[in-house]
Structures are given as structure tokens and as C-alpha cells.
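[1] Coordinates for the following, if possible.
(one chain, ligands or ions: 1)
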Amino acid sequence: MELKEAQFTKDFINEIRATYAVDLKDTSPMEQYMALGHLIKRYNGESWTDTSRSYRKNDVKQVYYFSIEFLPGRLLQSNLLNLGITDVVKKGLKNLGLNFDKIVQAEPDPGLGNGGLGRLAACYMDSMASIGMAGNGNGIRYRYGLFKQVFMNGYQVELPDDWLRNGNAWEVRRENRACLVRFGGHVWLQEQPDGSLKPVYDHTDDVLAVPYDTGIIGYHNVVTNTLRLWSAELPPNEEQTYYSQEQRDNIDEITKVLYPDDSNAEGRSLRLRQEYFFSSAGVQSIVRHYAANHTSFKHFPQKVAIHINDTHPTLVIPELMRILLDEYNCSWDLAWQITTSTMSYTNHTIMQEALETWPIGMFQGLLPRIYQIVEEIDRRYRAEKTPVFGQNIVDRTAPLGHGQVRMAYLAVIGSHSVNGVAPLHTELLKKDVLTDLYRIYPEKFNNKTNGIADRRWLEIANQPLTKLIDSKIGKKWHANPKLLQELSAYESDEKFLQQLAEVKKINKRRLADYVQSEMGITIRTDAIFDVQIKRLHAYKRQVLHMLEIIREYLDIKRHPEQSFIPHVHIFGAKAAPSYHYAKSVIKVINALADLVNNDPDIGDKLKVVFIPNYGVSLGELIIPAADISEQISTASKEASGTSNMKLMTNGALSLATMDGANIDIVRAAGKQNEYIFGLTANDVYGYYRRNDYCAKSVYENNPELQRVVNALITNMIPGITTEGHEIYDSLLKYNDEYFVLADYAEYVKQQEKIAQDFQDTMTWQRKSLANIAASGTFSADYSVARYAEDIWQVPYNRILK
Ligand code: B1N
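    Numbers count the residues shown, from 1 in each chain. Sure thing, here's the model as predicted:
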């Protein structure tokens, strides 16, 4: 948009006066931020209205991306960037004597997601708007986001994330678009005069779903899409004037807090209520909007695509069926044809414990009408498929089985497309997790490799690098990130490689200052910054990284005279509050950090920093500073990973197993530019098949490994008697479920190679450059374009190949 500095300054001062009734000099950064947010929202209002109007006028097909999590990060800088007004606003604020960075930091970071899945949804929202596609988000407006993590005595303590405390500058409450969502009660089918059956409900608990919309601004293209998050409220109440406290609490509870589980299914009935709540409200509002502009539902799938982000929104399938059957009198066959043509599903994990199932009793009690519909889907599925495929495979794959509603199976059966999030992951879905359904519906399965928002993770998070890149290849890559490939031309340009090294230094300095001021730990910026930032989970193997730190520590202690390449190990990770083992790992790493960081023999050769409260904002600080990107999950377990892509774009070299999208990163950047080690997915499946992995014998055959692992139980690390034994036992007594010991030796070898290679700055920077140059293909712009072409069948207007 066009904006003159004088205009901006005037508007901003007016905004401050009108909202806070004080002079500018008396406002806090929070107030300045809020005023700026409101002003930008207002500036963008017209483009938001225009976008909606033009979609409606041209009857454009709309995508609705349903996700129980969205992790958008702070929006101020991203909105300024996409509107093209960053410089004017920065200048204007500076001339008013204000500190832009402080204002940016004042924005709360909405933690409405756990990790990769929620962040992916947010990256996709940005990309859909930026490539000019009609894509809307649909989710939950949690009153409290993912807990804030603090450490007390090295233990994780969870504090509530009261992110709405000061209001939310970006959202618009739209009470006039509210819907009623029905839970519980009884339902029976009553014969109508025309012979048809209509459901009649009584004693239901109704909840009012109120939408809050946030404009998702496209990059330099005047498109503004909508992210719609639903909040649960008391329904308007005509006949009955009184709600008991319990009724109020039951309603409040639905959108009060995000479940803090990542890659793990939460079996409580409140979670099921959350799932139906936003699925039902979303589908109702879509149908209402469609019906207002069309006379028949026959062409609904040509105008609407509904995407199911993991199984959490699967109830959109029976909910759309319910509306078509009960409210629009469609026949079952027509309703089913419309529903399956509308729906598509992404699976995000092969971890058994993440596959959602609900006990039939709970499901039926909470959603009696929806259950009837699921029963009918199940009955028809069995009737249609048994003659063709036989009883066994149909029993194994039907939506209902073993007393459970099996959400992934329902999602596959009710959708026309099922995709995994990296090539290996999709292959494993076909061969293992969903293999029976793949036999029945091979045509539904396809891959869509994840992607990231380069504009956030490079342009905003790493401005020094962006400037350097722009100075060489111009700015076209901002809208077409594959053009980063043009940087390869500079791989022998020593001056450029030197500049790359300087940029990295600046980013390391920025992180080091944060670590100094927040944690009181001094780290040297010429050390290797070795970064592992992701949820704490056994399969992600933070323990393997921890063993390496113990090894380095013992090494320095034994050979203090030897030269040692300084190494800083940086962790960021939240553990689910109920995940006992993960919390023990945090405690041990923190205890190890205390030991290492305060040992005078170690000095500044080795440091360990576990930065508390990892999230999007800290990611933006840590990622640009990384030399090494730890992507060390047990092969086959990490569906894709996305921090691997963010770190790559910022010039980190991957220390990685051949898992998830690491495989594709290696292929894109070249194996010689990464550090690859460990079992392959095939090796892992081989062990499963033969059942012959023996962690103990690995341990017994490697004396150095023994020394390292024993450190967990010898009091070398103070204060971890219980936790040390727990991890020790997980490795030796319980046979090391995630093959940590099997991969240890090769991992160490790569770490040693890293220490060697790091000393040669030119070679190192050349590898770093190869990663940056190849990273463009992992832009979410392309991922979303592929979804649009192959799955959603919707147009977009920026050409992306
Ligand atoms: O989804 C990401 C992938 O990059 C990661 O590899 C994958 O682990 C992650 C239940 C999940 N899979 N499953 C979840 C999250 C919350 C929850 O309640 C499961 N998250 C992933 C994006 O594709």
C-alpha cells in the first residue's frame, strides 16, 4: 500500500490520543504496539473487504483449512512487510523518538499450537494469501495458549499463557455470525408426513460459537484472507433465564485452553468437545455462506474445499453429512458424494500413540446424532467393500472397531485425498500405518512435502542475511524463493563467503546477548552453535545430543591440554506436562548444563544453554544464529520436520538422520554439505521384523559409550539420581526403543568431523551457502500451490513452478 511518513505519523498520534487519552511520551511500548496494530488493521480494512467481496462476486472456489492449532507468531512485522510499509513506519516511529524493536517485542506471541503442526497451518495461511488463493483458516480461539515454560531447579514448571490480557489488536469479533453447536441430549428419528425421517433432539447442551476473524495479509498483492477462530459462549437464552454455574463452566471450558500434547492423542472428552465445537461451527458457517449465494448443493464441491489438518477436525465429515441430510433434505448418496468430494485429509504422524480413537460410549453420549451418521458410514462401508476386499481387511479399516471410533480411518474414507508430509512419510503411510486403506483406495494417496514461510523465517528473522542476499541477486526471490538458487554463482567468491561469515557472527552476537541477559551465561561467538529446537520427545532423541555433551565434557576433563574447538549446545524444548520421561530429560540436560558451565577446567570450551520457553519468537532469534541444525530423530519417526527447513534457509548445516524431509534437504543441498548418520528407516523396520535389536550388546561393545552412559548413574552430574537412572534404564533395561545407542558411534563421528571442518571458514561458508541456495524449494508458497493444483482444485495467481 501507499503510505507517506507524514500521514502515518499524524494517524499514529491520533490513534494514541483517541485510545489512551495520553500524550505519546507517556505511553508504554505495549500501548504503542496496540495503537500501531489497530492503525494497521484499519489501513488494511479496505483490502480485506475488497478481497471478500471479489471472492463472492466472482463466485471463487474457497479453501477452508481446519486445524485445531494455529501458531502464527507475532504479526506486526509480518503485516508491515506484506503491506510494503516497513520502512515508512520504522522511520516515522524513529522520528517520534520511539524504539521500533521494543514495540515489536511488546506484541504477545499467540501460542495457539504445540509445534510443527500448528506452525505449518500458520505458514500455509501466509502462503495462501501471498500466492493469491482464496484460503481461509478455521480453528479455536483458546483463551490460554500453550503454557509458558520456566525452569525451577532445572525442572520444567508450566505457567498459564494469558495472551489476551491486553486485548488482541488484529482480531474482529463477529457476533452476528455466531452458530449454535449442540452436545449431548437425546435424539430420535421422527417420521414426517412425507414419509421421511427427521431427527428430533431434547435436553441438549447448546453452546454459542462466536467467531473472531483475523486478516491474513498477502505479500505485496492486496489480498487479505481470513483466519476464523471460534470462542465458546453462553447461547442467547429466551425461555430459560438461568444458567447454573456448572453449565457456565462447561461452556467456558471448551475454548479455555490448548491441550499441550504434541504427536500424542489426548483421550479426554473435553478434547472431543473441542474438536466437534470448531468443526461444527466452521462447517455451519461455510454452508450458511454457500446457501446464501447458491440455490442447489449439487455444485458445492466446485465452490468449497475443506481440508482436515490431522484427524482433529475429522468430524467435519459427519457434520457436513448431518447438515445436508437433516437441514437440506439431501439423499444419503448425494450427501456422501458431496462430502467426499469436498474433504481432503493430511496425516502428520505414523506414531501409534498419536492416532486418535474415541470410545464409542463417550462419543455417542456427547454427539448422539453424529454417532448415528458415523454408524451409517460404517455400515455402508462394510456393505460396499466386504464383497470386493473380504471381511478381514474391512474389519481392520472400518470407522468403528474394537469399541472405538477410529478417526484416521473415518478421515480417509470420507475424503477424496489423503496426503503425507514428506516422501518417506507418505511411503510409510502406504506400506505400514494405512496400508489396508491404501489397498482399498490407492487413488486417494499422495505426497505434499511441508514448507515454511521464507518471508518470516528469512526476511524478518534474519535481516542481515536478507540484505546480503539482496545485494547479490536482488529482491525477486522474496516472491519466488527458488531464485535463491542464483546464489550458487557465488560459491567461489571468497569475499562473499567472508560476508556470510560476518552475517552469522552478527546473529550469534544477538543470541549471545540474549543468553547473557536472560540466563547469565557467557558464550563465545566463535564457538560452534549447535542447535536443537523442537518439542521434547523420546523419538526426537534429545538424549543422543545429551550423550554427545557428556562425551565432550569427559574428553576435555581427561585431556585438558588438548586443543578443543569451542562448542555451544543450544536447546529449546517444551515437554507435555504429563510426559514424565520428557521432563526427566529436561532436568538432566539442565543439570549437565550447570555442571559444564561452572567447571573451571572447562572454561569457555564447552557451554550448554537450554533456553526456556521455546516458541515462534525465540525461534526467530535462535535460528539465524545456528551453525548446526540437529535433526536426529529415529529414522521413520519424524513425519517431516520443519525446523530443519528454517535452519537450512538460515545457513545452518544439518546433522541429521535420513528421516522425514531431512532426506529431501540432503538431496537438494548435496550430501557433502550436510552431516548424515545412523540407521535408515529400512534398517529400523528390519530390526522390528527380526526383533533382534540388542541395546545392551551395543553398549558392551563400545567402552567409550559405556563411560558416557554410565555418567548418568555415577553422581558425576549432581542432582539427577532418579532422572539419570530413568534414562539409563530406558536405554539398557528397556532396550532403547528409539535406537539411541545404535546410532551413537556414527553420530559422534559426524560431530568430530564438524569440529574439524568448522575450522576452515571458507569451506564451511561454502556449505552454508549451498544450503541457503537450495532452500527455496521448501517455501510453503510452493507446497500450497501443489495442494491447490492437485487436491483443492482452486486457482491462485502467482505463477509458481
Ligand atoms: O507435524 C509436523 C511435522 O513436520 C512433524 O514431523 C510432525 O511430528 C508434526 C497431535 C500432532 N505430527 N503430529 C502432530 C500435534 C498435536 C497433536 O495434538 C499430533 N504433530 C506432528 C507438520 O507436518
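
[2] which residues in the stretch 701-801 of the chain form strands?
    Shown for the stretch 701-801 of the chain, no strands are assigned by DSSP state E, counting those that start in this stretch.

[3] and the chain, which residues reach the ligand?
    114, 116-117, 120, 261-264, 310, 348-349, 354, 421, 450, 638-642, 660 (Cβ under 6 Å from any ligand atom). For every residue, glycine as well, the C-beta is placed using N, CA and C.

[4] Now do the same for the closest residue to the ligand within the stretch 651-800 of the chain: helix, strand or coil?
    Minimum separation of the stretch 651-800 of the chain from the ligand (Cβ to the nearest ligand atom) falls at Gly660, amounting to 5.5 Å. Assigned by DSSP: H, G, I helix; E, B strand; the rest coil, the conformation of Gly660 is coil.

[5] And for it, the neighbour number?
    30 (other Cβ atoms under 10 Å).

[6] ditto for Asp432
    14.

[7] Tell me which helix or strand comes right after the biggest strand by length in the chain.
    If you go by DSSP state E, the chain has its longest strand at strand 205-217. For strand 205-217, the following helix or strand on the C-terminal side (DSSP states H and E) is strand 224-233.

[8] Starting from that next one, tell me which strands it pairs with and how they run.
    strand 135-140 (parallel), strand 205-217 (antiparallel) (DSSP bridges).

[9] Out of the ones you listed, indicate the one that is most buried.
    strand 135-140 (a mean of 26; mean count of other Cβ atoms under 10 Å).

[10] Give me the mean pLDDT for the longest strand of the chain.
    Per-residue pLDDT values over strand 205-217 give a mean of 97.

[11] Next: stretch 41-55.
    Here the average pLDDT along stretch 41-55 is 97.

[12] Enumerate the positions of that stretch that are buried.
    Residues Lys41, Tyr43, Asn44, Ser47, Trp48, Thr51, Ser52, Tyr55 are the ones in stretch 41-55 that count as buried (16 or more other Cβ atoms under 10 Å).

[13] how about it as CSV, C-alpha atoms only?
    Extracted in CSV, the C-alpha atoms of stretch 41-55 (Å, rounded to 0.1, in the frame of the first residue of the first chain):
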residue,chain,number,x,y,z
LYS,A,41,-5.7,-3.1,10.8
ARG,A,42,-7.6,0.0,9.8
TYR,A,43,-5.3,0.8,6.9
ASN,A,44,-5.8,-2.7,5.6
GLY,A,45,-9.6,-2.8,6.2
GLU,A,46,-10.5,-1.9,2.6
SER,A,47,-8.3,-4.5,1.1
TRP,A,48,-9.9,-7.1,3.4
THR,A,49,-13.4,-6.1,2.4
ASP,A,50,-12.4,-6.0,-1.2
THR,A,51,-11.0,-9.4,-1.1
SER,A,52,-14.1,-10.9,0.4
ARG,A,53,-16.3,-9.0,-2.0
SER,A,54,-14.4,-10.1,-5.0
TYR,A,55,-14.4,-13.8,-3.9
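
[14] For the helix ranked longest in the chain, which helices and strands make contact with it?
    The single longest helix within the chain, with elements called by DSSP state H, is helix 29-57. Helix 29-57 sits against helix 5-20, helix 76-83, helix 86-95, helix 100-106, strand 205-217, strand 224-233, with contacts defined as 3 or more Cβ pairs under 8 Å, 6 or more residues apart in numbering; DSSP states H and E.

[15] The second one: how far from the chain's middle?
    Spelled out, it's helix 76-83. Counting by Cα atoms, centre = their mean, to the nearest Å, helix 76-83 is centred 21 Å from the centre of its parent chain.

[16] Between strand 205-217 and it, find me the angle.
    60 degrees (axes from the mean of the first three to the mean of the last three Cα atoms, to 10 degrees).

[17] quick thing: my sequence starts at 29, can you match it?
    Noted, 29 is the first residue going forward, which turns the last one into helix 104-111.

[18] Return the alpha-carbon coordinates of helix 104-111 using CSV.
    Output of helix 104-111 as CSV, limited to C-alpha atoms (Å, rounded to 0.1, in the frame of the first residue of the first chain):
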residue,chain,number,x,y,z
LEU,A,104,3.3,-6.8,13.4
GLN,A,105,6.4,-7.2,11.4
SER,A,106,4.9,-9.7,9.0
ASN,A,107,1.9,-7.4,8.3
LEU,A,108,4.2,-4.4,7.7
LEU,A,109,6.4,-6.5,5.4
ASN,A,110,3.5,-7.8,3.4
LEU,A,111,1.9,-4.4,3.1
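
[19] For that helix, which helices and strands make contact with it?
    Going by 3+ Cβ pairs under 8 Å, 6+ apart, helix 104-111 lies up against helix 57-85, helix 114-123, helix 128-134, helix 144-158, strand 233-245.

[20] what angle do the first one and strand 252-261 make?
    It refers to helix 57-85. Using the same axes, to 10 degrees: helix 57-85 against strand 252-261 is 110 degrees.
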